[in-house]
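> sequence below, structure please.
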Amino acid sequence: MRDRLLILSVFVVASCGLAYELIAGALASYLLGDSVLQFSSIIGTYLFAMGLGSHCSKYVRDDRVLATFIDVELLVGLIGGLSALFLFLVFAWASAPFRTVLYALVVITGALVGMEIPLVMRVLNQRKTAFADIVSRVLTFDYMGALAVSLLFPLVLAPKLGLARTALLFGVLNVGVALWTTRVFRKELPSPFAQYLRGGVVMMALAGAFIASERLTAFSEKAIYGDEIIHAESTPYQRLVLTKWKDDLRLYINGNLQFSSRDEHRYHEALVHPALERLPWARRVLILGGGDGLALREVLRYPNVQAVTLVDLDPAMTRLFSTSAPLLALNKGALLDKRASIVNMDAGLWLEGDHGVFDAVIIDFPDPSNFALGKLYSLPFYRLLARHVAERGLVVVQSTSPMHAPRSYWAINKTLQEAGWQTTPYHAYVPSFGEWGFILAGRQGGYQPPQAYRLPMRFLDAESTRQMFFFPPDMQPVEVEANRLNNQSLVHYFEQDWSRVIR
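Predicted coordinates:
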């Protein structure tokens, strides 16, 4: 019975081991961007470290195998459990060595996790369990534990607990395995009291960190963002942080600024009105992205618009901006307007359904900083979009900065052109971002910028509009490739462009 219980503990051990790997990858993606690169490099490093740990396990003396397994569980629980909280604090107060600390923790945790299964198998082998049974049972529960946490982490744990508390929870589980193993095998251990004592100390440390984690995380995020954090939330898709300083509300997604309430009107007027002013007959409008409702606010100002469909992946985003009083004041309750229909779904999947034709489409996706977003700027996506736009309709795409990310900007333009669209690039100065780019596209050419607007504007007038469609010598087109799904050149352009700016 004790052997069976030890094998069952492998389920918990495997769950914890994979959890720390996922947490490190997710946290690196939140703080450093480019989720594919972060997850790939962290998983590779973690597996390499597990191999080192597995190799090192052979040097444990036979009479110390069980005691070493318990000590390894305590170390994994302590280091892995505190890892996310520690990394948040390092990034907030000493961002330069963050990568070094991140990969050091990944190597240490991976090496310790790599020792666990070999040690369990040696314990069982010492107890005369048949080798075939050892391998089949241990690996069965190892893989089952990995499956369980791979489903629970994105769907339940990260959204409900956040990364710091999720890591601490799995740390507690590791320590629980250590204490339980000490209890069951106490007669076979040289000093069970010492291991009880160590386990109790580690458990108290993790419990205290769990209780204080929200305050410590808020403390570190305040250092990162500078202003008072009035809302922070981890969703299955992203990390949302809302800050406030005096009258300035700012939204950050995965650490990247999305808007400042002081100048967002410049961005959203430039995004919406050059297209809709040229479509006085438009009745149906589609907004892809824009879950903050700010682009929707501008669209709903047109009395000729009868219905607007807004498709945003994250329900937490649209829920936040339709329930928070200061945000409702900012978007003027646009998400609650009776003309608006809100759909929480991947935009590409939604477009594949039969949802009719729209007179105008406003695309307000986040920048193409990773491959999941890059597909929404690809040739297949823009070709799919053409099925849903009226013959005389217009599409406008937020397209990052033609000044700071020229290859990214002109790659989006070229992708639209290769998808069959007639494009008209333009840009506007938004103080929070600098020069920001947009691309207006239609099936027919000959677009002419408006020289006046039917609605009162805070930013746009005849002269500002004229300047938006003029590109000075330092923002002229550059030679780039279109963004195809098989290579996603746009994501690489984006990373290279902005890495130069950040440096």
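> CA atoms for contacts and neighbours, from now on please.
Will do.
> burial measure for E73, as a count.
Residues within reach of E73, counting by other C-alpha atoms under 10 Å, total 26.
> cool, and K187?
Using other C-alpha under 10 Å: K187 sits among 10 other residues.
> pLDDT score assigned to it?
pLDDT recorded at K187 is 85.
> so it, which state does it fall into?
helix (DSSP: H, G, I helix; E, B strand; the rest coil).
> quick one: contacts of the helix or strand bottoming out on mean pLDDT in the chain?
Taking mean pLDDT, DSSP states H and E as the measure, the helix or strand of the chain with the lowest value is helix 131-152, at a mean of 77. Applying C-alpha atoms under 8 Å, 6 or more residues apart in numbering, the external contacts of helix 131-152 come out as 7-8, 10-16, 18-19, 117, 121, 124-125.
> so which bits of the very next helix or strand once past that helix are buried?
Toward the C-terminus, helix 131-152 is succeeded by helix 158-184 as the next helix or strand (DSSP states H and E). Of the residues in helix 158-184, those buried by neighbour count under the rule 16 or more other C-alpha atoms under 10 Å are 158-182.
> now this protein, which segments are flagged as low pLDDT?
1-3, 33-36, 94-96, 127-134, 223, 501-503 (pLDDT under 70).
> ok, then the element right after the helix or strand harbouring Y429?
Taking DSSP H and E as the criterion, Y429 maps to strand 422-430. The helix or strand immediately downstream of strand 422-430 is strand 434-442, counting by DSSP H and E.
> now that next one: buried residues?
Within strand 434-442, the residues that count as buried by 16+ other C-alpha under 10 Å are 435-442.
> what packs against it?
Strand 434-442 makes packing contacts with helix 264-276, strand 389-398, helix 406-418, strand 422-430 when contacts are defined by 3 or more C-alpha pairs under 8 Å, 6 or more residues apart in numbering; DSSP states H and E.
> okay, the ones you listed, which one's buried deepest?
Compared across the helices and strands packed on strand 434-442, helix 406-418 shows the largest average neighbour count, a mean of 24 (mean count of other C-alpha atoms under 10 Å).
> pull it out as CSV, backbone CA atoms only.
As requested, the backbone C-alpha atoms of helix 406-418 are provided in CSV (Å, rounded to 0.1, in the frame of the first residue of the first chain):
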residue,chain,number,x,y,z
PRO,A,406,8.9,51.1,-40.5
ARG,A,407,9.3,47.5,-41.7
SER,A,408,6.3,46.4,-39.6
TYR,A,409,4.1,49.2,-40.9
TRP,A,410,4.9,48.8,-44.6
ALA,A,411,4.7,45.0,-44.2
ILE,A,412,1.1,45.4,-43.2
ASN,A,413,0.5,47.7,-46.1
LYS,A,414,2.1,45.2,-48.6
THR,A,415,0.1,42.3,-47.1
LEU,A,416,-3.2,44.2,-47.7
GLN,A,417,-2.1,44.9,-51.2
GLU,A,418,-1.2,41.3,-52.0
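> let me know the angle separating that helix from strand 422-430.
150 degrees (axes from the mean of the first three to the mean of the last three C-alpha atoms, to 10 degrees).
> other SSEs contacting helix 406-418?
For helix 406-418, the packing partners by 3+ C-alpha pairs under 8 Å, 6+ apart come out as helix 379-385, strand 422-430, strand 434-442, helix 489-502.
> center of the protein - which residue?
Centroid-nearest residue in the chain, with C-alpha atoms, centre = their mean: Q238, separated by 3.8 Å.
> now that one: how far from L87?
When distance is defined by C-alpha to C-alpha, to the nearest Å, Q238 is 18 Å away from L87.
> check A232 too.
Counting by C-alpha to C-alpha, the gap from A232 to L87 is 17 Å.
> now swap in Y302 and tell me
The spacing between Y302 and L87, counted by C-alpha to C-alpha, is 47 Å.
> out of those two, which sits in the busier spot?
Counted by other C-alpha under 10 Å, Y302 and L87 do not tie: L87 has more neighbours, with 24 against 17.
> residue contacts, that one?
The contact partners of L87, by C-alpha under 8 Å, 6+ apart, come to 98, 101-102.
> and the residues you listed, which are buried?
98, 101-102.
> okay if I get these as CSV plus distance to L147?
Formatted as CSV, the buried ones among the contacts of L87 follow (distance: C-alpha to C-alpha, whole Å):
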residue, distance to L147
F98, 30
V101, 28
L102, 25
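> for those, could you give me CSV that also reports secondary structure and distance to D142?
What follows is these, written out as CSV (DSSP: H, G, I helix; E, B strand; the rest coil; distance: C-alpha to C-alpha, whole Å):
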residue, secondary structure, distance to D142
F98, helix, 31
V101, helix, 28
L102, helix, 25
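> which one of those residues is nearest E479?
F98 (35.1 Å; C-alpha to C-alpha).
> distance of that closest one relative to A104?
Distance, F98 to A104, using C-alpha to C-alpha: 10 Å.
> same thing with L173?
The gap separating L173 from A104 is 22 Å, by C-alpha to C-alpha.
> kindly report the same for I224.
Relative to A104, I224 is positioned 22 Å away (C-alpha to C-alpha).
> over to W245?
Distance of W245 to A104, computed by C-alpha to C-alpha: 36 Å.
> which of the contacts of L87 sits closest to Y46?
Using C-alpha to C-alpha, the contacts of L87 come closest to Y46 at L102, 11.1 Å.
> give the burial count for K338, as a bare number.
Using other C-alpha under 10 Å, K338 is surrounded by 10 other residues.
> in which helix or strand does it reside?
Here K338 is covered by no helix or strand, with elements defined by DSSP H and E.
> quick check: phi and psi on it?
Main-chain torsions, K338, degrees, to the nearest 10: phi -70, psi -20.
> quick one, what contacts it?
Not one residue lies near K338 by C-alpha under 8 Å, 6+ apart.
> the closest residue to P154 other than its chain neighbours: which element?
The shortest distance from P154 to any non-neighbouring residue, by C-alpha to C-alpha, 6 or more residues apart in numbering, is to P236 (5.4 Å). P236 belongs to no helix or strand when elements are defined using DSSP H and E.
> how about the contacts made by P236?
By C-alpha under 8 Å, 6+ apart, the neighbours of P236 are 154-155, 158-159.
> can you classify V480 by secondary structure?
When classified by three-state DSSP, V480 comes out as coil.
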